[in-house]
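Asks: any chance you can model this:
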Amino acid sequence: MCTINGFALWGGGGASHRDFMKAYWVWGAYAAKNPDAAGIAWAEHGNAESFYYKKAPGRSHNLVGRVAVPPEGAITAIMHTRYATHGEPENNANNHPFVGEQFALIHNGIASDALDVAKNLPLAGECDSEAIAAIVEAIGDPLAAGRFCLQALRGRQAVAIIEKATGNLTLWCNEPGALYYAATMRGIWFATTREGVLRMATRRVKVQPFLGVETFHPSGETVAVEVKLSTHRKVKRVVYTGGRLTQTLSTQSRYVGPWE
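Replies: You can find the predicted model right below:
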């Protein structure tokens, strides 16, 4: 099983160097069980110029010294250790994060039909997770893409995405126990295990399973937007309050990708 962890922290200007290192430590601890590959991405500020990532075959320890940890921390970070199921880890195109023009994505699970659903999209490797990343890029909105993937794809999906231009963090998950999080006044911590969240945040936070799809904005602003996918012929109402985006729409049995 792969692992993911990270944060989106907006109180006090984001995560401090110490906050970042706690997440970094959990990432390294997870690598003990996942030797195939490791990757990390973060946004220091809410713009594409402050977005950075690194990935390589082997344990996350192999990236220590090759990842310049930001001295002032970051507002958003996602970290991944890989247990390969689709695609050889020696080909770095199969490793996480998958970074496109707009987003960086990590995934824990096996989406058995993702490669088939994304067959008309450009892929550099053979990993099902890259197919999910290609779907997110094609749709262009991580909330809408999450809703699409949760209904269109089979198998476990625990996904974390950074929007490069804003530092927004989007999470989605369809299986209880596959992803945990803790929300505080400063933001959100997430990890594959409860212990991972507690080690990053504090022993006093309430850790809960994460299910569904939500976006967390480091600025903490309140906004409302309309997201319309022409293939759905419906308008999704997305309401942003308290640092969290949620969306409401009656579920449909099947979605068709807008690239088809």
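
Asks: quick one: contacts for the spatially closest residue to residue 83 that is not a sequence neighbour?
Replies: Excluding its sequence neighbours, the residue lying closest to residue 83 (C-beta to C-beta, 6 or more residues apart in numbering) is residue 34, at 4.6 Å. Quick note: C-beta positions are derived from backbone N, CA and C, even for glycine. Neighbour list for residue 34: 1, 2, 3, 59, 81, 82, 83 [criterion: C-beta atoms under 8 Å, 6 or more residues apart in numbering].

Asks: those, buried ones only, as a ChimeraX selection?
Replies: Only the buried entries of the contacts of residue 34 go into this ChimeraX selection, using 16 or more other C-beta atoms under 10 Å:
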select :1,2,3,59,81,82
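
Asks: which stretches of this structure have low pLDDT?
Replies: 11-14, 59-69, 71-72, 203, 219-260 (pLDDT under 70).

Asks: give me that answer again for 80
Replies: 1, 10-17, 32, 45-48, 58-73, 83-87, 184-186, 202-203, 218-260 (pLDDT under 80).

Asks: show me what contacts the residue sitting nearest the centre point of it?
Replies: Centre of the chain computed as the mean C-alpha position; nearest residue by C-alpha atoms, centre = their mean is residue 160, 1.1 Å away. Taking C-beta under 8 Å, 6+ apart, we find residue 160 in contact with 4, 6, 78, 105, 106, 107, 169, 170, 171, 190.

Asks: which helix or strand contains it?
Replies: strand 158-163 (DSSP states H and E).

Asks: parallel or antiparallel, list what pairs with that strand.
Replies: strand 103-108 (antiparallel), strand 169-173 (antiparallel) (DSSP bridges).

Asks: could you point out which element follows the last one?
Replies: From strand 169-173 onward toward the C-terminus, using DSSP H and E, the following helix or strand is strand 180-183.

Asks: what does the first one give?
Replies: Tracing the chain past strand 103-108, the next element assigned as helix or strand by DSSP H and E is helix 114-117.

Asks: so for that next one, what gets flagged as buried?
Replies: Quick answer for helix 114-117 (16+ other C-beta under 10 Å): 114, 115, 117.

Asks: out of those residues, which is nearest to residue 182?
Replies: Minimum distance to residue 182 across the buried residues of helix 114-117 is 28.8 Å, recorded for residue 114 (C-beta to C-beta).

Asks: excluding covalently adjacent residues, which one is nearest to the closest one?
Replies: residue 131 (3.9 Å).

Asks: which SS class is that neighbour?
Replies: helix (DSSP: H, G, I helix; E, B strand; the rest coil).

Asks: how close does it sit to residue 88?
Replies: Separation of residue 131 from residue 88 (C-beta to C-beta, to the nearest Å) stands at 16 Å.

Asks: who has more neighbours, those two?
Replies: residue 131 (26 against 16; other C-beta atoms under 10 Å).

Asks: my guess is the more buried one meets residue 117, correct?
Replies: Yes. Counting by C-beta atoms under 8 Å, residue 131 touches residue 117, with 6.9 Å between them.

Asks: skipping adjacent residues, who's closest to residue 88 in space?
Replies: Excluding its sequence neighbours, the residue lying closest to residue 88 (C-beta to C-beta, 6+ apart) is residue 94, at 6.2 Å.

Asks: list phi and psi for the one you found.
Replies: Main-chain dihedrals, residue 94, degrees, to the nearest 10: phi -90, psi 0.

Asks: so residue 30 sits against residue 5, correct?
Replies: Yes. Applying C-beta under 8 Å as the test, residue 30 and residue 5 come out as touching, 6.9 Å apart.

Asks: can you list residues touching both of those two?
Replies: Shared contacts of residue 30 and residue 5, defined by C-beta under 8 Å, 6+ apart, are found at 192, 196.

Asks: which one's more surrounded, those two?
Replies: residue 5 (32 against 24).

Asks: dig out what the more buried one forms beta bridges with.
Replies: Assigned bridge partners for residue 5, using DSSP bridges, are residue 79, residue 191.
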